[in-house]
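Trainee: Output the structure for:
(one chain, ligands or ions: 2)
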Amino acid sequence: MSDFQYDVIYIGSGHAAWHGALLLNKFKKKVAIIEKDRISGTCTNYGCNPKILLEGPFEAIESMQHYGDIFSNFPEVSWPKLIEYKQKTINPLHEDLESIFKEQGIDIIKGAGQLVDENTVLVDGKEYTSKYIVLATGQRSNELDIEGNQLIHYSADFLDLKDMPKRITFIGGGFISIEFASIAIKTGSEVSVIVHSDKVLKQYHQPYVNKLIEKLKNEGVSFYFEKDIKSVEKVDTGLKISDDNDFMLETDYVVNATGRIPNVENIGLENVGIDYDKDGIKVNKFMQTNFPNIYASGDVVSKKTPKLTPTATFESNYIGVNILGSDADKLKFPLKALKLLPIKYPAIPNVVYSLPKIAQVGMTVENAEKKSGYKVKTIKFGEQLEFQYKHETDAEMKIVLDRANKLKGAVIYGSAADDLVNILTFIIEKKMSGRELNKMIFAFPSASSGIIQLLGIHMMGVEINL
Ligand SMILES: Cc1cc2nc3c(=O)[nH]c(=O)nc-3n(C[C@H](O)[C@H](O)[C@H](O)COP(=O)(O)OP(=O)(O)OC[C@H]3O[C@@H](n4cnc5c(N)ncnc54)[C@H](O)[C@@H]3O)c2cc1C
Ligand SMILES: NC(=O)c1ccc[n+]([C@@H]2O[C@H](COP(=O)([O-])OP(=O)(O)OC[C@H]3O[C@@H](n4cnc5c(N)ncnc54)[C@H](O)[C@@H]3O)[C@@H](O)[C@H]2O)c1
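Mentor: Ligands and ions are numbered 1, 2, ... in the order given. The predicted structure follows:
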C-alpha cells in the first residue's frame, strides 16, 4: 500500500463510477465513492429506471389497442397510484446499492467532492488522499436564461409528479420531451411540445421520427416548431409561455428538456489545472485527463460518443481495468483485452423510449445512402409477420448492408425496437454472414425469430419483396 489512504477515489456514484469501483474492490484495491445526492446516480434514481417503469402500463394498453375491436374496454391507468408504485420500487434502490457497496468493502463518503490537488479530494472540510481519482460527476438539466425561470420544472420533477396536470408543456425536441410526451398524452392531459428548430430527434432517421410525430399528433399532442421561448409568466388561469414574436401558449406545467450540461463546476478542476470545455472534461484515448492518475468517466466527459448508461458503464469498466494494471492479467477475456489498449467502442445501440420506440445502431441509413458500396433495405415486418408481431402492422426497419451483404446498421420503428436492436448489435459486432445466421435455430413463434429470418434472407443477397 502506498502513502495514500485509497488506491482509487470516485467523485460521483453513477454507472460511470460503480461498475469500475466494484471491479477494483474485487481485486483488493482500497476504493471510496463520494456522492452528494442519492447513491447510483441519474439513471437509477431520476432517469432510465423510473421512466421505463412509468411507461410500462401505457405500453401494455397500447399493445391491446393493436387488436382493434377484440377488446371492448381498455383499462385506465391511475397516475397517482403509478407514481406511488414508482416511489415504492425506485426509492429504495439507492439504499440497496449503498448497502451492497459497503458490504463489499467500498467506503461511501457522503457530500460534495472537490479536488484540492492531484491526489487529494476535499469533502465537508475533510481531506482524503488517493493514488488514482476518477471524475464521474455526470450532467444536470440545462437551465434557460429566461424570465420566469423559477416557474419551470425538469425531468426529475416530471418523474415524481403526484398528479398529472391538466395541461403540460415540454420545451425541447430531444429524447426527454418525446418520451415524456408519449406518456403524458396517454393520461388524458393536454400535451404540447415546443421545439427550437424545425426538427425533433435530429440524430434519428427522420421518416420514422415523422411517423412518430404524426401518431402523437393524432393522439392529441400539439407541436410548435421554430419557437424561441423568452418567458414563462403566472396568469390567473395558469402559466403563459411566450416568445419574442406573437407566439403564446397557456399551460399548467412546464418541463424544460433542452439538454443536459456537464457537472464541471465546483469540483476543483481549476485547483489542479484539469482541461475541460463546454461538453465536459477532456480525456485522452485512455480516458485520462491531462493528469495521468486522474481519469474521467461517463456523461461528464467531453466526447462524441453518445452520453448514455451503457457507454458510462463501458468506460467505467475500461478505466477499472486500466487502473488494475498488472492485476488485469487475472481478469477473464474480454475485460483483460481492454488493458492498456486505447478505448475502442463497439457498435452502440440507442433507443427513444417513445410509444412506439425508435432504435438505431451502426451506420445510419443517411450515411449509407451517401456512400458507395452500401444498400438500404426496408423490412416491413409489422405487415409481413402480422400475428407474430402482435398486430402492430406499421412496425418496420431499414437495414444497411455492405457489398458482402454483412449487416452494418439498422433503424427500427416498433414497440420491440429496444430488444430487436440488441440482437442486431450482436449480428453487427460478430460480423455474421447471412449463411451463419441461417444456420441457427431460434424459438418460434416469437417476434424476433420471424424478423431474423427475413434479415437472414436479405443477408444471403436474395432480393425479396414479400
Ligand atoms: C430522464 C432521463 C432519462 C434517461 N434515459 C436513458 C435511457 O433510457 N437509456 C440510457 O442509456 N440513458 C438514459 N439517460 C442518460 C443516463 O441517465 C446517463 O447517461 C447516465 O446516468 C450517466 O451516468 P454517469 O455516472 O456518467 O452520471 P450520473 O448518473 O449523472 O452520476 C453522476 C453522479 O455524480 C454526483 N455528483 C456530481 N457532482 C458531485 C460532487 N462534486 N461530489 C459528489 N458527487 C457528485 C451526482 O449527484 C450523480 O449522482 C437518461 C437521462 C435522463 C435525465
Ligand atoms: N432513451 C435515452 O437513451 C435517453 C432518454 C432521455 C435522456 N437521455 C440522455 O439525456 C440527454 C438529455 O435529454 P434531452 O432530451 O434533455 O436532450 P437532447 O439533447 O436529446 O435534446 C435537447 C433538445 O432541446 C433543444 N434545445 C436546445 N436548446 C434549446 C433552447 N434554448 N430552447 C428550446 N429548445 C432547445 C434541442 O434542439 C433538442 O431538440 C440526452 O442527450 C441523452 O444523453 C437519453
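Trainee: near ligand 1, which residues of this structure show up?
Mentor: 11-17, 34-37, 41-43, 46-48, 51, 112-113, 136-139, 155, 176, 263, 267, 298-299, 307-310, 312, 353 (CB under 6 Å from any ligand atom). C-beta coordinates here come from the backbone N, C-alpha and C atoms, glycine included.
Trainee: So what's the residue count around residue 3?
Mentor: By other CB atoms under 10 Å, the residues close to residue 3 number 7.
Trainee: ok, it - contacts?
Mentor: For residue 3, the contact set (CB atoms under 8 Å, 6 or more residues apart in numbering) comprises residue 129.
Trainee: And it, how far from ligand 2?
Mentor: Look at residue 3 and ligand 2: by CB to the nearest ligand atom, to the nearest Å, they are 39 Å apart.
Trainee: how about the CA coordinates for stretch 118-133, as CSV?
Mentor: Below are the C-alpha coordinates for stretch 118-133, written out as CSV (Å, rounded to 0.1, in the frame of the first residue of the first chain):
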residue,chain,number,x,y,z
GLU,A,118,-3.9,15.7,-8.0
ASN,A,119,-4.1,13.2,-5.1
THR,A,120,-6.4,14.9,-2.7
VAL,A,121,-10.2,15.4,-2.5
LEU,A,122,-12.0,17.6,0.0
VAL,A,123,-15.4,16.7,1.3
ASP,A,124,-17.1,18.8,4.0
GLY,A,125,-13.8,20.1,5.2
LYS,A,126,-12.1,16.7,5.4
GLU,A,127,-9.3,15.7,3.0
TYR,A,128,-9.0,12.2,1.5
THR,A,129,-5.9,11.1,-0.5
SER,A,130,-5.7,8.6,-3.3
LYS,A,131,-3.3,7.3,-5.9
TYR,A,132,-5.9,7.5,-8.6
ILE,A,133,-9.1,9.6,-8.9
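Trainee: Would you indicate which residues of it are buried?
Mentor: Buried residues in stretch 118-133, counted by 16 or more other CB atoms under 10 Å: 118-123, 128-133.
Trainee: ok, back up a step: and the buried ones among the residues of the chain next to ligand 1, selectable in PyMOL?
Mentor: Here is the PyMOL command that selects only those of the residues of the chain next to ligand 1 that count as buried (16+ other CB under 10 Å):
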select buried, resi 11+12+13+14+15+16+17+34+35+36+37+41+42+43+46+47+51+113+136+137+138+139+155+176+263+267+298+299+307+308+309+312+353
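Trainee: Now, the residues of the chain next to ligand 1 that are in strands?
Mentor: Members of the residues of the chain next to ligand 1 lying in strands (criterion: DSSP state E): 11, 34-35, 113, 139.
Trainee: dump the residue contacts of the residue most central in space within the chain.
Mentor: The residue lying closest to the centre of the chain (CA atoms, centre = their mean) is residue 308, at 4.2 Å. Each residue near residue 308 by CB under 8 Å, 6+ apart is listed here: 348, 350.
Trainee: Check this structure for the residue nearest ligand 2 and tell me.
Mentor: When distances are taken as CB to the nearest ligand atom, the chain reaches nearest to ligand 2 at residue 174, 1.8 Å away.
Trainee: Tell me the confidence at that residue?
Mentor: Looking at residue 174, its pLDDT is 98.
Trainee: what sits against it?
Mentor: Residue 174 neighbours (CB under 8 Å, 6+ apart): 200-201, 257-259.
Trainee: pLDDT at the residue in the stretch 201-350 of the chain positioned nearest to ligand 1, what is it?
Mentor: Among the residues of the stretch 201-350 of the chain, residue 298 lies nearest to ligand 1; the distance is 2.3 Å by CB to the nearest ligand atom. pLDDT recorded at residue 298 is 98.
Trainee: In this structure it contacts residue 18, no?
Mentor: No: if you go by CB atoms under 8 Å, residue 298 and residue 18 don't touch, sitting 10.5 Å apart.
Trainee: For the protein, give me the ranges with low pLDDT.
Mentor: For the chain, applying pLDDT under 70 flags the ranges 1-2, 326-339, 464-466.
Trainee: For residue 240, identify the helix or strand it belongs to.
Mentor: Using DSSP states H and E, residue 240 sits within strand 238-243.
Trainee: who are the neighbours in contact with the residue nearest to residue 258 when sequence neighbours are not counted?
Mentor: In space, and not counting its chain neighbours, residue 258 is closest to residue 172: 4.2 Å by CB to CB, 6 or more residues apart in numbering. Applying CB under 8 Å, 6+ apart, we find residue 172 in contact with 193-196, 256-259.
Trainee: Separate out the buried members of these.
Mentor: By neighbour count, with 16+ other CB under 10 Å, these hold 193-196, 256-258 as buried.
Trainee: Sort out which of these are in strands and list them.
Mentor: 193-194, 256.
Trainee: and the strand holding residue 240, what does it pack onto?
Mentor: strand 167-171, strand 229-235, strand 248-251, strand 253-256 (3 or more CB pairs under 8 Å, 6 or more residues apart in numbering; DSSP states H and E).
Trainee: List the buried residues in the longest helix seen in the chain.
Mentor: The residue-count maximum for a helix in the chain (DSSP state H) belongs to helix 48-65. For helix 48-65, a neighbour-count test (16+ other CB under 10 Å) marks 49-51, 53-55, 57-59, 61-63 as buried.
Trainee: Closest to residue 214 out of the residues you listed?
Mentor: residue 62 (15.5 Å; CB to CB).
Trainee: The closest one and residue 182: what is the separation?
Mentor: For residue 62, the distance to residue 182 equals 9 Å [CB to CB, to the nearest Å].
Trainee: Is stretch 212-219 in proximity to ligand 2?
Mentor: No: residues of stretch 212-219 are not located near ligand 2 by CB under 6 Å from any ligand atom, the shortest gap being 12.7 Å.
Trainee: buried ones in that stretch?
Mentor: 212-213, 215-216.
Trainee: now the helices for the stretch 201-350 of the chain?
Mentor: 206-219, 269-272, 309-324 (DSSP state H, counting those that start in this stretch).
Trainee: From the contact counts, what lies against the longest one?
Mentor: The reference is to helix 309-324. Checked by 3+ CB pairs under 8 Å, 6+ apart, helix 309-324 has helix 15-26, strand 126-135, strand 294-296 packed alongside it.
Trainee: Likewise for the first one?
Mentor: Contact analysis of helix 206-219 by 3+ CB pairs under 8 Å, 6+ apart lists helix 175-184, strand 222-224, strand 357-362, strand 407-414 as its packing neighbours.
Trainee: next one: the shortest one
Mentor: Contacts defined by 3+ CB pairs under 8 Å, 6+ apart place helix 269-272 against strand 113-117.
Trainee: buried stuff in the strand it packs on?
Mentor: Applying 16+ other CB under 10 Å to strand 113-117 flags 113-115 as buried.
Trainee: I would like the residues contacting the helix or strand following that strand, please.
Mentor: For strand 113-117, the following helix or strand on the C-terminal side (DSSP H and E) is strand 120-123. Strand 120-123 has contacts (CB under 8 Å, 6+ apart) with 9, 11, 34, 109-116, 127-130, 133, 268.
Trainee: Am I right that residue 28 sits in a helix?
Mentor: No: applying DSSP: H, G, I helix; E, B strand; the rest coil, one finds residue 28 to be coil, outside a helix.
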